[in-house]
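**Q** Fold the stuff below for me.
(chains A and B)
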Amino acid sequence: MQDGFSFKIEKKISHHLGRAGVLRTPHGEIETPAFVSVGTKATVKALTPEQLKSTGAQVVLANTFHLYLEPGEKTVQRGGGVGKFMGWNGPTMTDSGGFQVFSLGAAFGLRQSKIVNKTHHPASRTRHPSSIEEGIRSETLVKIDDDGVSFRSPYNGSQHRFTPERSIEIQHALGADIIFAFDECAPPDALKEYQRHAMARTHRWAERSLQNHKDLSAYSHELARKKSQALFGIVQGGRHEDLRKESARVIGGWEFDGFGIGGSFDKGDMGTAVRWVNEILSEEKPRHLLGIGGVPDLFSAVENGCDTFDCVAPTREARTGSLYTRKGRINITNARFRKDFSPLDKECECYTCKNFTRAYLAHLFRSRELLAYSLASIHNLSFFIMLVKNMRQAILDGKFVKFKEEFLHQYAQV
RNA sequence: GCGCCGGUCGUAUAGCGGCAAUUACAGGAGACUGUAAAUCUCCCGACCGUUGGUCUACGCUGGUUCGAGUCCAGCCCGGCGCA
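**A** The predicted structure follows:
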(Lines give C-alpha, C1' and ligand atoms only; values in the text may rest on other atoms or scores of the structure.)
Protein backbone atom coordinates (compact mmCIF):
# COMPACT_ATOMS: atom_id res chain seq x y z
CA MET A 1 0.00 0.00 0.00
CA GLN A 2 0.90 3.65 -0.29
CA ASP A 3 3.06 5.28 2.34
CA GLY A 4 1.02 6.22 5.31
CA PHE A 5 -1.56 3.50 4.75
CA SER A 6 -2.12 0.08 6.19
CA PHE A 7 -4.97 -2.28 6.73
CA LYS A 8 -4.99 -4.79 9.51
CA ILE A 9 -7.64 -7.42 10.15
CA GLU A 10 -8.32 -8.01 13.82
CA LYS A 11 -11.00 -10.64 13.76
CA LYS A 12 -13.25 -12.43 11.31
CA ILE A 13 -16.82 -13.63 11.49
CA SER A 14 -16.59 -17.38 11.48
CA HIS A 15 -17.91 -19.04 8.31
CA HIS A 16 -18.42 -15.64 6.72
CA LEU A 17 -16.32 -13.13 4.84
CA GLY A 18 -16.89 -10.35 7.34
CA ARG A 19 -14.10 -8.94 9.45
CA ALA A 20 -13.21 -6.19 11.89
CA GLY A 21 -10.02 -4.27 11.28
CA VAL A 22 -8.20 -0.99 11.28
CA LEU A 23 -7.52 1.07 8.20
CA ARG A 24 -4.71 3.54 8.79
CA THR A 25 -4.55 6.71 6.69
CA PRO A 26 -2.35 9.80 6.85
CA HIS A 27 -5.18 11.59 8.63
CA GLY A 28 -5.95 8.96 11.20
CA GLU A 29 -7.24 5.47 11.71
CA ILE A 30 -10.60 4.11 10.69
CA GLU A 31 -11.89 1.27 12.79
CA THR A 32 -13.73 -1.02 10.43
CA PRO A 33 -16.37 -1.86 9.59
CA ALA A 34 -17.24 1.83 9.49
CA PHE A 35 -20.02 3.91 8.10
CA VAL A 36 -18.62 6.72 5.97
CA SER A 37 -20.60 9.93 6.11
CA VAL A 38 -21.27 11.63 2.82
CA GLY A 39 -20.10 15.20 2.40
CA THR A 40 -20.53 15.63 -1.32
CA LYS A 41 -19.66 19.29 -1.60
CA ALA A 42 -17.09 19.25 1.18
CA THR A 43 -19.74 19.54 3.85
CA VAL A 44 -21.94 17.03 5.52
CA LYS A 45 -25.14 18.93 4.99
CA ALA A 46 -26.44 20.82 8.01
CA LEU A 47 -23.52 19.82 10.24
CA THR A 48 -20.38 21.52 11.46
CA PRO A 49 -17.32 19.25 11.63
CA GLU A 50 -17.68 19.36 15.41
CA GLN A 51 -21.25 18.14 15.28
CA LEU A 52 -20.16 15.51 12.79
CA LYS A 53 -17.44 14.36 15.13
CA SER A 54 -20.00 14.09 17.92
CA THR A 55 -21.90 11.47 15.91
CA GLY A 56 -18.85 9.24 16.04
CA ALA A 57 -18.02 9.81 12.37
CA GLN A 58 -14.52 8.71 11.44
CA VAL A 59 -14.32 9.57 7.77
CA VAL A 60 -16.02 11.76 5.15
CA LEU A 61 -16.58 11.08 1.46
CA ALA A 62 -16.71 14.08 -0.86
CA ASN A 63 -17.38 14.14 -4.57
CA THR A 64 -15.05 14.92 -7.45
CA PHE A 65 -17.82 15.91 -9.82
CA HIS A 66 -19.34 18.49 -7.50
CA LEU A 67 -16.10 19.97 -6.23
CA TYR A 68 -14.71 20.21 -9.74
CA LEU A 69 -17.73 22.27 -10.77
CA GLU A 70 -17.88 24.31 -7.60
CA PRO A 71 -15.61 25.77 -6.32
CA GLY A 72 -13.11 24.00 -8.63
CA GLU A 73 -10.39 21.58 -7.59
CA LYS A 74 -7.70 24.26 -7.67
CA THR A 75 -9.54 26.27 -5.07
CA VAL A 76 -9.91 23.25 -2.84
CA GLN A 77 -6.22 22.53 -3.33
CA ARG A 78 -5.28 26.05 -2.36
CA GLY A 79 -7.50 25.63 0.67
CA GLY A 80 -5.31 22.74 1.72
CA GLY A 81 -7.29 19.86 0.25
CA VAL A 82 -10.83 18.71 1.02
CA GLY A 83 -10.21 17.92 4.66
CA LYS A 84 -8.46 21.14 5.58
CA PHE A 85 -10.75 23.19 3.37
CA MET A 86 -13.86 21.97 5.15
CA GLY A 87 -12.33 22.00 8.60
CA TRP A 88 -12.36 18.23 9.02
CA ASN A 89 -9.11 16.86 10.37
CA GLY A 90 -9.92 13.17 10.01
CA PRO A 91 -9.61 10.83 7.04
CA THR A 92 -11.34 11.71 3.78
CA MET A 93 -12.31 10.00 0.55
CA THR A 94 -13.45 11.31 -2.81
CA ASP A 95 -15.69 9.50 -5.22
CA SER A 96 -14.49 9.66 -8.80
CA GLY A 97 -17.56 11.21 -10.39
CA GLY A 98 -18.51 7.89 -11.97
CA PHE A 99 -21.79 7.77 -10.15
CA GLN A 100 -22.89 11.03 -11.77
CA VAL A 101 -22.69 9.25 -15.10
CA PHE A 102 -25.67 7.34 -13.78
CA SER A 103 -27.51 9.97 -11.77
CA LEU A 104 -27.24 12.64 -14.45
CA GLY A 105 -27.47 10.09 -17.25
CA ALA A 106 -29.93 7.24 -17.23
CA ALA A 107 -31.54 8.43 -14.01
CA PHE A 108 -31.79 12.04 -15.08
CA GLY A 109 -35.07 13.51 -13.98
CA LEU A 110 -36.38 10.12 -12.85
CA ARG A 111 -35.24 10.00 -9.26
CA GLN A 112 -34.43 6.44 -10.06
CA SER A 113 -32.71 4.26 -7.50
CA LYS A 114 -29.80 2.01 -8.24
CA ILE A 115 -31.38 -0.55 -5.99
CA VAL A 116 -34.28 -2.11 -7.73
CA ASN A 117 -36.97 -4.65 -7.01
CA LYS A 118 -36.31 -7.89 -8.78
CA THR A 119 -39.65 -7.83 -10.48
CA HIS A 120 -39.25 -4.45 -12.05
CA HIS A 121 -35.91 -4.48 -13.78
CA PRO A 122 -36.48 -6.74 -16.74
CA ALA A 123 -34.18 -5.20 -19.19
CA SER A 124 -36.20 -2.57 -20.93
CA ARG A 125 -37.70 0.48 -19.43
CA THR A 126 -37.89 3.85 -20.98
CA ARG A 127 -34.41 5.02 -20.33
CA HIS A 128 -31.96 2.23 -20.80
CA PRO A 129 -29.26 2.83 -23.33
CA SER A 130 -30.83 2.16 -26.69
CA SER A 131 -27.58 0.99 -28.20
CA ILE A 132 -24.15 0.24 -26.90
CA GLU A 133 -22.44 2.83 -29.02
CA GLU A 134 -24.93 5.50 -28.19
CA GLY A 135 -24.66 4.89 -24.49
CA ILE A 136 -27.07 7.00 -22.54
CA ARG A 137 -30.02 8.69 -24.18
CA SER A 138 -29.34 12.05 -25.62
CA GLU A 139 -31.74 14.13 -23.56
CA THR A 140 -29.74 13.43 -20.44
CA LEU A 141 -26.84 15.55 -19.30
CA VAL A 142 -24.13 13.05 -20.17
CA LYS A 143 -22.69 11.27 -23.17
CA ILE A 144 -20.40 8.32 -22.68
CA ASP A 145 -17.79 7.08 -25.07
CA ASP A 146 -14.92 4.70 -24.64
CA ASP A 147 -12.46 7.44 -23.83
CA GLY A 148 -14.54 9.23 -21.22
CA VAL A 149 -17.70 11.15 -20.49
CA SER A 150 -18.91 14.49 -21.75
CA PHE A 151 -21.47 16.18 -19.60
CA ARG A 152 -23.26 19.38 -18.92
CA SER A 153 -23.25 21.05 -15.58
CA PRO A 154 -26.64 20.61 -13.94
CA TYR A 155 -26.09 24.06 -12.45
CA ASN A 156 -25.59 26.14 -15.55
CA GLY A 157 -25.49 23.81 -18.54
CA SER A 158 -21.84 24.41 -19.32
CA GLN A 159 -19.95 21.66 -21.16
CA HIS A 160 -17.30 19.53 -19.48
CA ARG A 161 -15.44 16.30 -19.97
CA PHE A 162 -14.10 13.67 -17.61
CA THR A 163 -11.70 10.93 -18.54
CA PRO A 164 -10.09 8.49 -16.11
CA GLU A 165 -6.93 10.60 -16.25
CA ARG A 166 -8.80 13.80 -15.57
CA SER A 167 -10.76 12.33 -12.67
CA ILE A 168 -7.54 11.14 -11.02
CA GLU A 169 -5.89 14.47 -11.67
CA ILE A 170 -8.76 16.28 -9.99
CA GLN A 171 -8.76 13.84 -7.11
CA HIS A 172 -5.06 14.43 -6.61
CA ALA A 173 -5.75 18.14 -6.39
CA LEU A 174 -8.61 17.55 -3.97
CA GLY A 175 -6.20 15.55 -1.90
CA ALA A 176 -8.41 13.05 -0.09
CA ASP A 177 -6.70 10.12 1.61
CA ILE A 178 -8.60 7.56 -0.39
CA ILE A 179 -9.62 8.14 -3.98
CA PHE A 180 -11.51 6.02 -6.48
CA ALA A 181 -10.91 4.94 -10.05
CA PHE A 182 -13.22 6.51 -12.62
CA ASP A 183 -16.00 4.06 -13.42
CA GLU A 184 -19.28 3.83 -15.24
CA CYS A 185 -22.20 3.13 -12.98
CA ALA A 186 -24.64 1.56 -15.41
CA PRO A 187 -28.37 1.86 -14.76
CA PRO A 188 -30.00 -1.18 -13.13
CA ASP A 189 -32.44 -1.64 -15.98
CA ALA A 190 -29.76 -1.76 -18.67
CA LEU A 191 -29.59 -4.92 -20.73
CA LYS A 192 -27.03 -7.43 -19.62
CA GLU A 193 -25.23 -6.87 -22.88
CA TYR A 194 -24.86 -3.24 -21.95
CA GLN A 195 -23.80 -4.08 -18.39
CA ARG A 196 -21.04 -6.22 -19.83
CA HIS A 197 -19.91 -3.46 -22.12
CA ALA A 198 -19.97 -0.88 -19.32
CA MET A 199 -18.03 -3.22 -17.09
CA ALA A 200 -15.34 -3.81 -19.70
CA ARG A 201 -15.08 -0.08 -20.18
CA THR A 202 -14.83 0.42 -16.43
CA HIS A 203 -11.94 -2.07 -16.41
CA ARG A 204 -10.08 -0.16 -19.10
CA TRP A 205 -10.74 3.05 -17.23
CA ALA A 206 -9.52 1.45 -14.01
CA GLU A 207 -6.21 0.58 -15.64
CA ARG A 208 -5.86 4.10 -16.96
CA SER A 209 -6.80 5.54 -13.56
CA LEU A 210 -4.13 3.43 -11.94
CA GLN A 211 -1.52 4.44 -14.48
CA ASN A 212 -2.25 8.10 -14.09
CA HIS A 213 -2.27 7.80 -10.33
CA LYS A 214 1.22 6.29 -10.46
CA ASP A 215 2.46 8.95 -12.84
CA LEU A 216 1.10 11.79 -10.77
CA SER A 217 2.32 10.28 -7.52
CA ALA A 218 5.81 9.87 -8.92
CA TYR A 219 5.75 13.40 -10.21
CA SER A 220 4.69 14.90 -6.94
CA HIS A 221 7.25 12.78 -5.18
CA GLU A 222 9.98 14.43 -7.20
CA LEU A 223 8.72 17.73 -5.95
CA ALA A 224 9.04 16.33 -2.46
CA ARG A 225 5.46 17.20 -1.84
CA LYS A 226 5.00 14.14 0.27
CA LYS A 227 1.74 13.29 -1.30
CA SER A 228 0.15 10.08 -0.26
CA GLN A 229 -3.21 8.93 -1.48
CA ALA A 230 -4.59 5.42 -1.74
CA LEU A 231 -6.39 4.47 -4.93
CA PHE A 232 -9.29 2.03 -4.87
CA GLY A 233 -10.38 0.23 -8.04
CA ILE A 234 -14.10 -0.25 -8.61
CA VAL A 235 -15.78 -3.57 -9.33
CA GLN A 236 -18.92 -3.40 -11.46
CA GLY A 237 -21.11 -6.01 -13.16
CA GLY A 238 -24.62 -5.17 -11.96
CA ARG A 239 -26.53 -8.10 -10.54
CA HIS A 240 -25.03 -10.71 -12.83
CA GLU A 241 -22.95 -13.32 -11.13
CA ASP A 242 -20.64 -14.01 -14.06
CA LEU A 243 -19.99 -10.32 -14.62
CA ARG A 244 -19.42 -9.57 -10.95
CA LYS A 245 -16.91 -12.38 -10.66
CA GLU A 246 -15.16 -11.44 -13.83
CA SER A 247 -14.94 -7.84 -12.66
CA ALA A 248 -13.57 -8.90 -9.27
CA ARG A 249 -10.90 -11.00 -10.97
CA VAL A 250 -9.85 -8.21 -13.30
CA ILE A 251 -9.89 -5.35 -10.81
CA GLY A 252 -8.52 -7.58 -8.06
CA GLY A 253 -5.62 -8.49 -10.29
CA TRP A 254 -4.25 -4.99 -10.40
CA GLU A 255 -2.28 -3.23 -7.73
CA PHE A 256 -4.95 -1.06 -6.22
CA ASP A 257 -4.67 -0.18 -2.56
CA GLY A 258 -8.20 -1.30 -1.97
CA PHE A 259 -11.48 -1.80 -3.77
CA GLY A 260 -14.81 -0.20 -4.29
CA ILE A 261 -17.88 -2.20 -5.15
CA GLY A 262 -20.24 -0.15 -7.22
CA GLY A 263 -23.26 -0.38 -9.40
CA SER A 264 -26.77 -1.63 -8.98
CA PHE A 265 -28.22 -4.48 -6.99
CA ASP A 266 -31.41 -6.38 -6.47
CA LYS A 267 -33.33 -5.12 -3.51
CA GLY A 268 -32.91 -7.41 -0.55
CA ASP A 269 -30.31 -9.53 -2.25
CA MET A 270 -27.32 -7.26 -2.31
CA GLY A 271 -25.36 -9.45 0.08
CA THR A 272 -25.16 -12.23 -2.46
CA ALA A 273 -23.64 -10.01 -5.12
CA VAL A 274 -21.18 -8.65 -2.60
CA ARG A 275 -20.17 -12.16 -1.61
CA TRP A 276 -19.46 -13.16 -5.23
CA VAL A 277 -17.02 -10.28 -5.35
CA ASN A 278 -15.41 -10.51 -1.96
CA GLU A 279 -14.71 -14.21 -2.29
CA ILE A 280 -12.40 -13.25 -5.12
CA LEU A 281 -10.84 -9.98 -3.96
CA SER A 282 -7.71 -10.42 -1.90
CA GLU A 283 -8.46 -10.55 1.77
CA GLU A 284 -5.73 -8.17 2.95
CA LYS A 285 -7.03 -5.16 1.11
CA PRO A 286 -9.91 -2.95 2.30
CA ARG A 287 -13.22 -3.03 0.47
CA HIS A 288 -15.62 -0.14 0.25
CA LEU A 289 -19.21 -0.70 -0.78
CA LEU A 290 -20.31 2.39 -2.65
CA GLY A 291 -23.55 4.07 -1.74
CA ILE A 292 -25.18 1.40 0.33
CA GLY A 293 -27.06 2.13 3.49
CA GLY A 294 -30.37 0.41 4.11
CA VAL A 295 -30.25 -0.99 7.63
CA PRO A 296 -30.56 -4.64 6.54
CA ASP A 297 -28.15 -3.91 3.70
CA LEU A 298 -25.52 -2.78 6.16
CA PHE A 299 -25.70 -6.08 7.97
CA SER A 300 -25.30 -8.11 4.82
CA ALA A 301 -22.51 -5.86 3.58
CA VAL A 302 -20.56 -6.36 6.80
CA GLU A 303 -21.33 -10.04 6.97
CA ASN A 304 -20.10 -10.47 3.43
CA GLY A 305 -16.80 -8.75 3.87
CA CYS A 306 -17.15 -5.04 3.26
CA ASP A 307 -15.13 -2.78 5.51
CA THR A 308 -16.57 0.61 4.75
CA PHE A 309 -19.68 1.96 3.01
CA ASP A 310 -21.14 5.37 2.50
CA CYS A 311 -24.72 6.36 1.97
CA VAL A 312 -26.72 9.54 1.69
CA ALA A 313 -29.70 7.92 3.37
CA PRO A 314 -29.14 9.10 6.94
CA THR A 315 -28.45 12.71 6.03
CA ARG A 316 -30.87 13.08 3.14
CA GLU A 317 -33.68 11.39 4.97
CA ALA A 318 -32.94 13.44 8.06
CA ARG A 319 -33.75 16.55 6.08
CA THR A 320 -37.11 15.15 5.02
CA GLY A 321 -38.11 14.24 8.54
CA SER A 322 -37.52 10.53 8.16
CA LEU A 323 -35.80 9.49 11.36
CA TYR A 324 -34.38 6.19 12.52
CA THR A 325 -35.26 4.42 15.73
CA ARG A 326 -34.35 1.01 17.00
CA LYS A 327 -37.83 -0.07 16.07
CA GLY A 328 -37.71 1.27 12.56
CA ARG A 329 -37.98 4.51 10.68
CA ILE A 330 -40.59 7.11 11.54
CA ASN A 331 -41.77 10.25 9.84
CA ILE A 332 -41.51 12.87 12.53
CA THR A 333 -44.04 15.11 10.81
CA ASN A 334 -46.82 12.57 11.36
CA ALA A 335 -49.69 13.98 13.41
CA ARG A 336 -49.16 11.45 16.18
CA PHE A 337 -45.83 13.00 17.16
CA ARG A 338 -47.11 16.52 17.73
CA LYS A 339 -47.69 15.88 21.39
CA ASP A 340 -45.19 13.11 21.96
CA PHE A 341 -42.80 14.40 24.57
CA SER A 342 -40.58 11.34 24.62
CA PRO A 343 -37.14 11.29 23.00
CA LEU A 344 -36.82 10.13 19.42
CA ASP A 345 -35.17 6.91 20.51
CA LYS A 346 -34.93 6.20 24.23
CA GLU A 347 -31.76 4.17 23.89
CA CYS A 348 -29.93 6.62 21.67
CA GLU A 349 -27.08 8.58 23.21
CA CYS A 350 -26.88 11.30 20.60
CA TYR A 351 -27.15 15.00 21.36
CA THR A 352 -30.59 15.21 19.79
CA CYS A 353 -32.06 12.36 21.77
CA LYS A 354 -30.47 13.51 24.99
CA ASN A 355 -31.87 17.02 24.78
CA PHE A 356 -35.03 17.16 22.69
CA THR A 357 -38.43 15.54 22.37
CA ARG A 358 -40.32 14.23 19.36
CA ALA A 359 -42.86 17.01 19.83
CA TYR A 360 -40.10 19.62 19.59
CA LEU A 361 -38.59 18.03 16.48
CA ALA A 362 -42.05 17.80 14.93
CA HIS A 363 -42.52 21.47 15.63
CA LEU A 364 -39.16 22.40 14.10
CA PHE A 365 -39.96 20.48 10.93
CA ARG A 366 -43.46 21.86 10.63
CA SER A 367 -42.21 25.40 10.96
CA ARG A 368 -39.28 24.68 8.67
CA GLU A 369 -36.78 25.84 11.23
CA LEU A 370 -33.20 25.26 10.16
CA LEU A 371 -32.32 23.59 13.44
CA ALA A 372 -34.57 20.70 12.40
CA TYR A 373 -32.10 19.63 9.72
CA SER A 374 -29.13 19.72 12.04
CA LEU A 375 -30.75 17.88 14.93
CA ALA A 376 -32.21 15.27 12.59
CA SER A 377 -28.89 14.78 10.80
CA ILE A 378 -27.04 14.40 14.06
CA HIS A 379 -29.44 11.71 15.12
CA ASN A 380 -29.62 9.74 11.89
CA LEU A 381 -25.87 9.78 11.42
CA SER A 382 -25.31 8.75 15.01
CA PHE A 383 -27.79 5.94 14.49
CA PHE A 384 -25.96 4.58 11.45
CA ILE A 385 -22.51 5.05 12.85
CA MET A 386 -23.39 3.48 16.18
CA LEU A 387 -25.09 0.60 14.43
CA VAL A 388 -21.97 -0.22 12.45
CA LYS A 389 -19.77 0.37 15.45
CA ASN A 390 -21.88 -2.14 17.36
CA MET A 391 -21.49 -4.59 14.49
CA ARG A 392 -17.76 -4.18 14.79
CA GLN A 393 -17.86 -4.83 18.51
CA ALA A 394 -20.07 -7.86 17.91
CA ILE A 395 -17.49 -9.25 15.48
CA LEU A 396 -14.72 -8.72 18.00
CA ASP A 397 -16.86 -10.48 20.61
CA GLY A 398 -17.66 -13.29 18.22
CA LYS A 399 -21.37 -12.48 18.37
CA PHE A 400 -22.11 -10.90 15.02
CA VAL A 401 -24.81 -13.28 13.85
CA LYS A 402 -26.64 -13.06 17.14
CA PHE A 403 -26.43 -9.28 17.15
CA LYS A 404 -27.75 -9.14 13.62
CA GLU A 405 -30.71 -11.35 14.39
CA GLU A 406 -31.64 -9.47 17.51
CA PHE A 407 -31.34 -6.08 15.94
CA LEU A 408 -33.28 -6.88 12.81
CA HIS A 409 -35.95 -8.60 14.85
CA GLN A 410 -36.59 -5.44 16.79
CA TYR A 411 -36.19 -3.18 13.78
CA ALA A 412 -39.12 -2.62 11.41
CA GLN A 413 -41.68 -2.84 14.15
CA VAL A 414 -42.59 0.80 14.13
C1' G B 1 -81.06 57.01 5.07
C1' C B 2 -78.86 57.07 -0.02
C1' G B 3 -74.83 55.36 -3.34
C1' C B 4 -71.05 52.04 -4.72
C1' C B 5 -68.18 47.45 -3.86
C1' G B 6 -68.07 42.72 -1.82
C1' G B 7 -69.73 37.83 0.78
C1' U B 8 -66.74 30.70 -2.85
C1' C B 9 -63.92 24.06 0.39
C1' G B 10 -59.52 25.72 7.54
C1' U B 11 -57.25 30.61 5.53
C1' A B 12 -56.24 33.59 1.21
C1' U B 13 -57.58 33.59 -3.82
C1' A B 14 -59.79 32.11 -9.18
C1' G B 15 -64.39 31.73 -11.47
C1' C B 16 -68.49 36.36 -15.59
C1' G B 17 -74.64 30.38 -17.91
C1' G B 18 -72.81 23.59 -18.36
C1' C B 19 -67.47 22.14 -12.33
C1' A B 20 -67.47 19.30 -6.58
C1' A B 21 -65.43 24.35 -8.68
C1' U B 22 -58.57 27.43 -9.89
C1' U B 23 -54.17 28.42 -7.31
C1' A B 24 -51.30 28.99 -2.83
C1' C B 25 -50.76 28.00 2.16
C1' A B 26 -52.36 25.01 6.11
C1' G B 27 -53.77 19.76 6.96
C1' G B 28 -53.15 14.02 6.03
C1' A B 29 -49.90 10.10 4.12
C1' G B 30 -45.82 8.09 1.43
C1' A B 31 -40.96 7.97 -0.94
C1' C B 32 -35.74 8.78 -0.56
C1' U B 33 -29.32 3.64 -1.03
C1' G B 34 -21.36 6.41 -4.23
C1' U B 35 -26.75 13.88 -2.91
C1' A B 36 -29.23 18.29 -9.60
C1' A B 37 -32.59 16.37 -2.95
C1' A B 38 -34.10 21.91 3.57
C1' U B 39 -36.58 17.52 -2.14
C1' C B 40 -40.37 14.74 -4.67
C1' U B 41 -45.28 12.11 -5.10
C1' C B 42 -50.28 11.30 -3.70
C1' C B 43 -54.87 12.74 -0.86
C1' C B 44 -57.70 16.81 1.07
C1' G B 45 -67.06 18.31 0.81
C1' A B 46 -69.72 13.66 2.53
C1' C B 47 -71.00 8.68 1.52
C1' C B 48 -70.38 4.09 -1.60
C1' G B 49 -65.96 -0.97 -3.31
C1' U B 50 -61.71 1.50 -7.52
C1' U B 51 -62.62 3.20 -13.26
C1' G B 52 -66.98 5.19 -11.47
C1' G B 53 -71.52 6.33 -8.79
C1' U B 54 -74.84 8.87 -5.21
C1' C B 55 -75.80 13.02 -2.27
C1' U B 56 -74.91 17.96 -0.19
C1' A B 57 -72.60 22.53 -1.63
C1' C B 58 -70.41 28.92 -3.48
C1' G B 59 -74.37 34.56 2.83
C1' C B 60 -80.14 33.63 2.96
C1' U B 61 -84.99 33.29 0.24
C1' G B 62 -87.34 33.28 -4.12
C1' G B 63 -87.21 33.82 -9.57
C1' U B 64 -85.43 33.47 -14.98
C1' U B 65 -83.29 29.13 -17.71
C1' C B 66 -82.99 22.47 -20.31
C1' G B 67 -79.11 24.08 -16.91
C1' A B 68 -77.07 29.30 -11.88
C1' G B 69 -71.10 30.85 -7.43
C1' U B 70 -72.10 32.77 -12.31
C1' C B 71 -78.35 36.53 -14.59
C1' C B 72 -82.77 39.06 -11.74
C1' A B 73 -85.47 40.55 -7.08
C1' G B 74 -85.79 40.95 -1.87
C1' C B 75 -83.39 40.17 2.66
C1' C B 76 -78.96 39.54 6.00
C1' C B 77 -73.80 40.74 6.89
C1' G B 78 -69.02 43.55 5.86
C1' G B 79 -66.09 47.71 3.65
C1' C B 80 -65.86 52.52 1.52
C1' G B 81 -68.24 57.27 0.14
C1' C B 82 -72.15 60.99 0.84
C1' A B 83 -75.57 62.71 4.35
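
**Q** which residue does the stretch 251-400 of chain A bring closest to RNA strand B?
**A** For the stretch 251-400 of chain A, the residue closest to RNA strand B is A:G291, as judged by Cβ to the nearest atom of the strand, at 2.4 Å. (Glycine included, C-beta is placed from N, CA and C.)

**Q** did I read that right, that residue in a strand?
**A** No - checked against DSSP: H, G, I helix; E, B strand; the rest coil, A:G291 lies outside a strand; its state is coil.

**Q** Please look at A:Q112 and A:T140 and confirm they touch.
**A** No - using Cβ atoms under 8 Å, A:Q112 is not in contact with A:T140; the gap is 11.5 Å.

**Q** Contacts only, for the residue nearest to the residue of the stretch 251-400 of chain A closest to RNA strand B when sequence neighbours are not counted.
**A** Sequence neighbours aside, A:C311 is the residue nearest to A:G291 in space, at 5.9 Å (criterion: Cβ to Cβ, 6 or more residues apart in numbering). In this structure, A:C311 makes contact with A:35, A:38, A:291-293, A:384, judged by Cβ atoms under 8 Å, 6 or more residues apart in numbering.

**Q** Can you pick out the most distant pair from those residues?
**A** A:G291 and A:F384 (13.3 Å; Cβ to Cβ).

**Q** Below-threshold pLDDT in the stretch 151-300 of chain A: ranges please.
**A** Counting by pLDDT under 70, the stretch 151-300 of chain A contains low-confidence ranges at A:220-227.

**Q** List, one by one, the residues from it near RNA strand B.
**A** By Cβ under 7 Å from any atom of the strand, the residues of the stretch 151-300 of chain A that approach RNA strand B are A:154, A:180, A:183, A:185, A:234, A:260, A:262-263, A:267, A:290-294, A:297.

**Q** any idea which of those is closest to A:V82?
**A** Nearest member of those to A:V82, counting by Cβ to Cβ, is A:F180, at 13.5 Å.

**Q** which residue sits closest to the closest one in space, ignoring its chain neighbours?
**A** Nearest non-adjacent residue to A:F180 (Cβ to Cβ, 6+ apart): A:S96, at 4.3 Å.

**Q** Tell me, how many residues neighbour the one you found?
**A** 30 (other Cβ atoms under 10 Å).

**Q** ok, now which ones touch it?
**A** Applying Cβ under 8 Å, 6+ apart, the residues near A:S96 are A:64, A:167-168, A:171, A:179-183, A:209, A:234.

**Q** could you dump these to a markdown table with neighbour count?
**A** A markdown table is the format used below for the contacts of A:S96 (neighbours: other Cβ atoms under 10 Å):
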| residue | neighbour count |
| --- | --- |
| A:T64 | 30 |
| A:S167 | 29 |
| A:I168 | 28 |
| A:Q171 | 32 |
| A:I179 | 26 |
| A:F180 | 32 |
| A:A181 | 30 |
| A:F182 | 29 |
| A:D183 | 32 |
| A:S209 | 30 |
| A:I234 | 29 |
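
**Q** a strand runs through A:K143, doesn't it?
**A** Yes - the assignment for A:K143 (three-state DSSP) places it in a strand.

**Q** and it, bridged to which residues?
**A** A:S150 (DSSP bridges).

**Q** and the residue of the stretch 101-250 of chain A found nearest RNA strand B, what are its phi and psi?
**A** Residue nearest to RNA strand B within the stretch 101-250 of chain A (Cβ to the nearest atom of the strand): A:C185, separated by 2.6 Å. A:C185 adopts backbone torsions of phi -90, psi 100, taken as degrees, to the nearest 10.

**Q** ok, and the closest non-adjacent residue to it?
**A** A:F102 (3.9 Å).

**Q** No further questions, thank you.
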